[in-house]
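# Predicted model, plus sequence, below.
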Amino acid sequence: MSETSAPASGNGLAPPAGGCPFGPNGAGFDPFGTPGFADLYQQLKTAREKAPVFYSERYRMWIVSRYDDVLEILKDAESFSSSTRPIILSNFSDEVRGLLEETHTFAAPNLAFDGRPAHDRLRGPVAKYFSAKAMLRREGRIREIMTRCFKEIPEGSPFDLVASFARPAASRVLIDLAGLPVADHDRIMRYHEAVNGFFFGIPPAEKQVGYARDVRELEAYLADVIEWCRENPRDGLIGYLLDLVAKGEADYSEAELISLISFDILAAGIRPAGFVVVNMCRELLRDPRHWDGLRADPSLFDDYFNEALRRSGIGLGVFRRTTTDVEVAGVRIPEGSMIWTMVSSADYDESRFPDSEVFDPHRKNLAASLHFSQGLHYCLGSYLARTVARVGIELLMERHPGLRLVPDQVIEYESSINLMIPAGLLVER
């Protein structure tokens, strides 16, 4: 439910004439060049100030960094298409690509990679399932699952917030909401690892064939679950959509249902849902006054949540492909070019967010942050993410009001081509 899935390369054409602060062909631009993205925001600031649109030969993409330009691209789904699956597939061997091209996950229409009219047909019913009102109705169930996970945090201090709480809570919530058997959690997570690996990174060569077979095995498993749900109606997204289809109120093929659950729910939902809890804790505990401030007035949760994601969202940016020749900030970009719209830069743009490096939950324009994207592909799971984060933070504040970050820890991040997900976060109670 995040749209940060991305190719590792693209086919942007010639770079613009003139100098670039990152050297010829943007060769010096490398968000992954320092551990923990230590140099990321300085590079993005340099880009905004000196080269808001430039071509990177390293990534074979155009980099767009200013808020107004990023917003324009995100809102124009016709000129800037999200259809990037062929580019993802181009990163792999013929054998792996052949296996993946036969899967619904990589071939059937879904929400993340397809535009109108397919997108509107697929999104409408699912959007209702994940709407603000629907999440309010389901909050009790989400709280029940997360409370159970919270009780499983090991005794002692410090503990890893990611492995001990955020990740297992998110996976169990998503599996439950999807309507998949909770007893199959470990099996589903093995499949999730494979799908996630292809869309958000490039798995090691020796794992790729096995991962591709896992994707196909996942789809056979989902087909069996869908058939079982037809005969045995149950709560969950699968049952909900099957009921709408049976009533003629929704139109999904089985391939589209499988693609939806495989990518839009499992791959794009589990890690982001866990990340929001970790992200908020890290931002609040960097200065305990923020932690204490939210504890004192929980009604300000939405403001703290939005500012935390503005400051350190899950993705560097969003990938788009131009469907025609376009001009962005006076720079001509040819048809068929790949563009990396740097949301992480747009949300630090001083013209929109003064003193952008300061954590300020009282900003008047927090709704303008682009951490959930904009336009046609606005994040389907935004209300789910908000609910999971609120419940998670409430549990932590209630049970461990004096929680603090382990000082001087080195934060390592999961291997990815576009996501900034901490692999662990040590906290003390």
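That came in fine, so what should we check first?

# Can you pull out the low-pLDDT segments for this protein?
For the chain, applying pLDDT under 70 flags the ranges 1-19.

# What ranges does it have for its strands?
Using DSSP state E, the strands of the chain run over 53-56, 61-64, 80-81, 159-160, 318-322, 326-328, 331-333, 338-341, 404-405, 426-428.

# what pairs with the third one, and is each one parallel or antiparallel?
Spelled out, it's strand 80-81. Strand 80-81 has the following strand partners under DSSP bridges: strand 318-322 (antiparallel).

# Going along the chain, name the helices of the stretch 251-400 of the chain.
Under the criterion DSSP state H, counting those that start in this stretch, the stretch 251-400 of the chain carries helices at the ranges 254-259, 268-286, 288-296, 301-311, 343-346, 382-399.

# ok, Asn306 - contacts?
Contacts for Asn306 (CB atoms under 8 Å, 6 or more residues apart in numbering) come out as 361, 366-367, 369, 371. Quick note: C-beta positions are derived from backbone N, CA and C, even for glycine.

# are any of these buried, and which?
Among the contacts of Asn306, those that count as buried by neighbour count (16 or more other CB atoms under 10 Å) are 361, 366, 369, 371.

# I'd say Ser81 and Thr323 touch.
Yes: using CB atoms under 8 Å, Ser81 is in contact with Thr323, at 5.1 Å.

# related to what we said a few turns ago, a markdown table for the strands of the chain, including distance to Ser356 and mean neighbour count?
Output for the strands of the chain, formatted as a markdown table (distance: least, CB to CB, whole Å; neighbours: other CB atoms under 10 Å):
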| stretch | distance to Ser356 | mean neighbour count |
| --- | --- | --- |
| strand 53-56 | 20 | 22 |
| strand 61-64 | 17 | 27 |
| strand 80-81 | 24 | 22 |
| strand 159-160 | 30 | 19 |
| strand 318-322 | 19 | 24 |
| strand 326-328 | 21 | 17 |
| strand 331-333 | 24 | 18 |
| strand 338-341 | 17 | 25 |
| strand 404-405 | 22 | 17 |
| strand 426-428 | 26 | 17 |
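
# just so I know, which of those strands lies nearest Gly239?
Among those, the nearest to Gly239 by CB to CB is strand 318-322 (31.4 Å).

# Return the distance of the closest one from the chain's centre.
Taking CA atoms, centre = their mean, to the nearest Å, one finds the center of strand 318-322 at 15 Å from the center of the full chain.

# Just give the nearest non-adjacent residue to Arg167, would you?
Distances taken as CB to CB, 6 or more residues apart in numbering put Gly274 closest to Arg167, at 4.5 Å, once the chain neighbours are dropped.

# what's the closest of the helices of the stretch 251-400 of the chain to Asn91?
helix 268-286 (18.4 Å).

# Return the list of helices and strands in contact with the closest one.
Contacts defined by 3 or more CB pairs under 8 Å, 6 or more residues apart in numbering; DSSP states H and E place helix 268-286 against helix 161, helix 167-178, helix 185-200, helix 288-296, helix 301-311, helix 382-399, strand 404-405.

# Figure out which of those is closest to Arg121.
Nearest to Arg121 among these is helix 167-178 (19.8 Å), distances taken as CB to CB.

# Can you list the neighbours in contact with the closest one?
Contact with helix 167-178 is made by 138, 141-142, 145-146, 148-150, 152, 182, 184-185, 188-189, 192, 236-238, 261, 265-266, 269-271, 273-274, 277, 384, 388, 392, as judged by CB under 8 Å, 6+ apart.

# Over to stretch 212-232?
Contacts with stretch 212-232, where a contact means CB under 8 Å, 6+ apart, come from 96, 99-100, 102-106, 179-181, 184, 187-188, 190-191, 193-195, 198, 236, 238-239, 242, 254, 257-258, 261-262.

# Then stretch 272-284?
Stretch 272-284 is contacted from outside by 1-2, 161-162, 165-167, 169-171, 173-174, 290-291, 294, 304-305, 307-309, 311-314, 359, 381, 384-386, 388-389, 392-393, 396, 403, 405, 421-422, 425, 427, using CB under 8 Å, 6+ apart.

# Now with 7 Å, please.
Stretch 272-284 has contacts (CB atoms under 7 Å, 6 or more residues apart in numbering) with 1-2, 161-162, 166-167, 169-170, 173-174, 290-291, 294, 304-305, 308-309, 311-312, 314, 359, 381, 384-385, 388-389, 392-393, 396, 421-422, 425, 427.
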